[in-house]
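Asks: Provided below for reference: sequence and predicted model.
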Amino acid sequence: MKKPNHLIDFEGELRDKRLVSRAEKLVSALVISRTSSVHGSTNSEASQKGFYRFLENENVSEEELISSLTNRCKRNVQGRDVLVIQDTSSYGLNHLKESIEEESGLGLIGNKTGLGFLSHVSVVLDADAEDMLGFSDVQLWHRKEDKSNNTTRIYKQQPIQEKESYKWIKASENSKTLLLEASSITIIEDREGDIYDQFCMVPDERTHLIIRSRSDRNLFNGSTMDAVIKKSKLLSKVSIPIIKDLRKQKVARIAQAEIKACKVCLTRPHGKSINKELPEYKELFVVNVQEKSDVKIKDPIHWRILTTIEVLTVEDAEKIIERYKQRWYIEQLFRLTKKQGFKIEQTQLKNGWAIRKLYLLVLAATLKVMQLYLAYGVEKSQPITNVFDEEEIKCLEKIEQKLIKTEATINPNSPQVLAWASWIIGRLGGWKGNPKQRPPGPIILLKGIEKFENIYEGWKLASNYT
């Protein structure tokens with residue numbers, strides 16, 4: 001179906017300036033209220049109705065909002081080596097079960113129960129500076145049927161293109177297309193992305209994969225990956241900080257792990273669904289990270305990281321590990337969309353398609369938080385103009401003057417880079433500015449942006465009367 005020409009230009013971005021302006025205002029409202037509630041994000045009945053009209057407008061589609069998100073990223077990657085970090089998150093909306101409109105974009109998120117939708121996001125970082133540049137792919141869907149029990153057998157026999165797991169390959173291919181002007185692309189995925197088809201289909205001379213293997217793998221010579229790793233020489237030992245995670249019953253600790261690396265030759269899996277046109281084997285390198293301890297530890301680290309990048313030295317292996325650990329950023333991004341951030345799962349909207357569009361606006365707001373988080377203390381962070389406009393920067397300058405009380409609380413960053421704004425936003429969020437203090441985290445920065453947006457609204461009103 002042809003897209004309305006008043007909405008989309010040749011790059012696939014929203015062209016109607018009124019719609020772009022409305023989207024930006026909604027993102028700002030979400031940041032100020034620190035919630036995904038339409039009622040909580042608006043201060044008048046008229047604004048509330050306008051918010052609802054935008055989200056329920058059929059002429060503003062998911063595809064158009066996603067294009068608006070990804071095309072911003074497209075312009076930021078020219079000549080850069082970039083990382084594309086993929087992951088999936090589910091959003092449960094069971095509290096709306098009795099009130100949600102039928103056939104409106106929500107469905108199963110588990111195998112049997114759970115109303116909501118799923119999101120697969122690819123976020124792009126500069127490989128050297130770790131600047132967050134935007135999104136290269138966003139996919140939203142819900143499950144229409146139970147995949148467990150008797151449907152599992154049928155599902156397993158389907159070709160990869162018909163399976164939900166194809167999202168990994170689709171995201172990789174979409175990212176390659178969008179990021180054509182990047183010098184190189186390294187795609188990073190967790191265990192769910194360990195798909196033989198992807199190792200054969202995605203890599204090329206400028207595209208590499210770093211994917212954690214979900215289990216031991218059979219090799220073309222009849223051996224197994226673990227058997228080859230076991231015989232490999234110990235390269236080094238590494239300390240890995242483990243962050244406390246109550247959901248997964250993880251306690252904070254420093255894990256001591258051994259690193260091994262070797263070349264492996266994966267064999268093509270058997271089964272009716274396997275594409276027989278794929279090569280019978282695929283040569284890869286594996287970096288094995290295994291925690292060693294004298295005391296018993298629940299769920300000790302054991303990462304088998306498969307990569308298309310050549311690993312010959314300790315430095316090569318350690319670089320792969322550092323790249324893989326950057327998956328933490330996308331986990332934080334998802335965290336900000338949920339309970340401790342924009343609370344998307346607490347929305348009271350009654351239309352699933354509107355909720356999904358609201359989620360895309362939340363992603364845009366969350367991106368700004370993560371950009372500030374990654375910029376903190378980085379002398380060569382991305383230009384401030386990539387994130388804030390000229391008037392916002394003027395407002396930040398005035399705020400900075402009020403925040404500096406002593407020499408110990410002077411902003412050490414250049415006003416030309418995003419680290420300067422990150423320092424200011426962190427202070428607004430409650431961080432004290434002491435360099436010996438722990439840097440401001442994403443939640444502190446979210447509070448800071450909330451306060452800044454409120455100040456900025458007042459700044460604009462005052463400017464109009466002077």
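Replies: Okay, I see it. Because the structure is a prediction, the values reported are computed rather than measured.
Asks: Number of residues surrounding Gly433?
Replies: Gly433 has 19 neighbours, counted by other C-beta atoms under 10 Å. (Glycine included, C-beta is placed from N, CA and C.)
Asks: Using the three-state scheme, assign it.
Replies: coil (DSSP: H, G, I helix; E, B strand; the rest coil).
Asks: Apart from its neighbours in sequence, what residue is nearest it?
Replies: In this structure, Gly433 finds its nearest non-sequential neighbour in Thr409, 4.2 Å apart by C-beta to C-beta, 6 or more residues apart in numbering.
Asks: That neighbour: neighbour count?
Replies: 14.
Asks: separation between Thr70 and Glu101?
Replies: 28 Å (C-beta to C-beta, to the nearest Å).
Asks: neighbour-wise, which of those two wins?
Replies: A count of neighbours by other C-beta under 10 Å puts Thr70 above the other of Thr70 and Glu101, at 22 against 14.
Asks: how much space between the more buried one and Trp423?
Replies: Distance from Thr70 to Trp423, by C-beta to C-beta: 29 Å.
Asks: Can you give me the domain boundaries for this structure?
Replies: Domain ranges of the chain: 193-325, 376-464, per automatic domain parsing.
Asks: if we compare those domains, which one ends up closest to Ala171?
Replies: Ranking the domains of the chain by their distance to Ala171 (criterion: C-beta to C-beta) puts domain 193-325 first, at 9.0 Å.
Asks: circling back to that earlier point, what's the closest of the domains of the chain to Ser136?
Replies: Nearest of those (C-beta to C-beta): domain 193-325, 12.0 Å.
Asks: Tell me the secondary structure at Leu125.
Replies: Here Leu125 is strand, with the state taken from three-state DSSP.
Asks: okay, now the residue nearest to Cys73 when sequence neighbours are not counted: neighbour count?
Replies: What sits nearest to Cys73 in space, not counting adjacent residues and going by C-beta to C-beta, 6+ apart, is Gly134, at 2.8 Å. Close neighbours of Gly134, defined as other C-beta under 10 Å, add up to 23.
Asks: And the helices in this structure, which stretches?
Replies: If DSSP state H is used as the criterion, the helices of the chain fall at 17-33, 38-41, 45-56, 62-74, 150-157, 166-178, 196-201, 225-231, 314-325, 328-337, 352-375, 390-403, 418-428, 442-464.
Asks: deepest of the ones you listed, which one?
Replies: When those are scored by mean count of other C-beta atoms under 10 Å, the highest mean neighbour count falls to helix 418-428 (a mean of 25).
Asks: elements contacting that one?
Replies: helix 352-375, helix 390-403, helix 442-464 (3 or more C-beta pairs under 8 Å, 6 or more residues apart in numbering; DSSP states H and E).
Asks: Correct me if wrong: the residue nearest to Cys73 contacts Arg72.
Replies: Yes. Counting by C-beta atoms under 8 Å, Gly134 touches Arg72, with 5.2 Å between them.
Asks: Where does the prediction get shaky in the stretch 51-200 of the chain?
Replies: 51-52, 111-113, 145-156 (pLDDT under 70).
Asks: same question, the stretch 301-450 of the chain
Replies: When residues are selected by pLDDT under 70, those of the stretch 301-450 of the chain lie in 406-408.
Asks: Gly79: what's it in contact with?
Replies: 181-183 (C-beta atoms under 8 Å, 6 or more residues apart in numbering).
Asks: and if you look at Ile344?
Replies: 36, 91, 337-338, 355, 358-359, 362.
Asks: could those residues be laid out in TSV, adding distance to Glu391?
Replies: What follows is the contacts of Ile344, written out as TSV (distance: C-beta to C-beta, whole Å):
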residue	distance to Glu391
Ser36	26
Tyr91	34
Thr337	28
Lys338	31
Ile355	32
Leu358	26
Tyr359	28
Val362	24
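Asks: Out of the helices of the chain, the one nearest Asn275 is which?
Replies: Among the helices of the chain, the nearest to Asn275 by C-beta to C-beta is helix 196-201 (6.4 Å).
Asks: ok now the closest one, how far from the chain's centre?
Replies: 22 Å (C-alpha atoms, centre = their mean, to the nearest Å).
Asks: In terms of secondary structure, what does that helix contact?
Replies: In terms of contacts (3+ C-beta pairs under 8 Å, 6+ apart), helix 196-201 is packed against helix 166-178, strand 207-212, strand 281-291.
Asks: now with 6 Å?
Replies: Contacts defined by 3 or more C-beta pairs under 6 Å, 6 or more residues apart in numbering; DSSP states H and E place helix 196-201 against no helix or strand at all.
Asks: rewinding a little: now distance to Lys451 and neighbour count too, for the contacts of Gly79, in a markdown table please.
Replies: Formatted as a markdown table, the contacts of Gly79 follow (distance: C-beta to C-beta, whole Å; neighbours: other C-beta atoms under 10 Å):
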| residue | distance to Lys451 | neighbour count |
| --- | --- | --- |
| Glu181 | 36 | 12 |
| Ala182 | 35 | 26 |
| Ser183 | 38 | 13 |
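Asks: For Gln86, state which of those is nearest.
Replies: Gln86 lies nearest to Ala182 out of these, by C-beta to C-beta, at 15.8 Å.
Asks: pretty sure the closest one contacts Val84?
Replies: No. Look at Ala182 against Val84 with C-beta atoms under 6 Å: they stay out of range, at 9.3 Å.
Asks: Go through the helices of the chain and name the closest to Ile259.
Replies: Taking C-beta to C-beta, helix 314-325 is the member of these nearest to Ile259, at 5.4 Å.
Asks: so that closest one versus strand 207-212, what angle?
Replies: 80 degrees (axes from the mean of the first three to the mean of the last three C-alpha atoms, to 10 degrees).
Asks: got the contact list for helix 314-325?
Replies: Helix 314-325 has contacts (C-beta atoms under 6 Å, 6 or more residues apart in numbering) with 210, 235-236, 259, 261, 287, 305, 307, 311.
Asks: And the residue nearest the centre of the protein?
Replies: Residue closest to the average C-alpha location in the chain (C-alpha atoms, centre = their mean): Ile330, at 3.5 Å.
Asks: List the contacts of that residue.
Replies: For Ile330, the contact set (C-beta under 6 Å, 6+ apart) comprises 85, 87, 123.
Asks: Now with 8 Å, please.
Replies: Ile330 touches 85-87, 121, 123, counting by C-beta under 8 Å, 6+ apart.
Asks: same question, Glu181
Replies: Glu181 makes contacts with 74, 77-79, as judged by C-beta under 8 Å, 6+ apart.
Asks: can you tell me which of the residues you listed lies nearest to Gln326?
Replies: Of the contacts of Glu181, the one sitting nearest to Gln326 (C-beta to C-beta) turns out to be Val77, at 16.4 Å.
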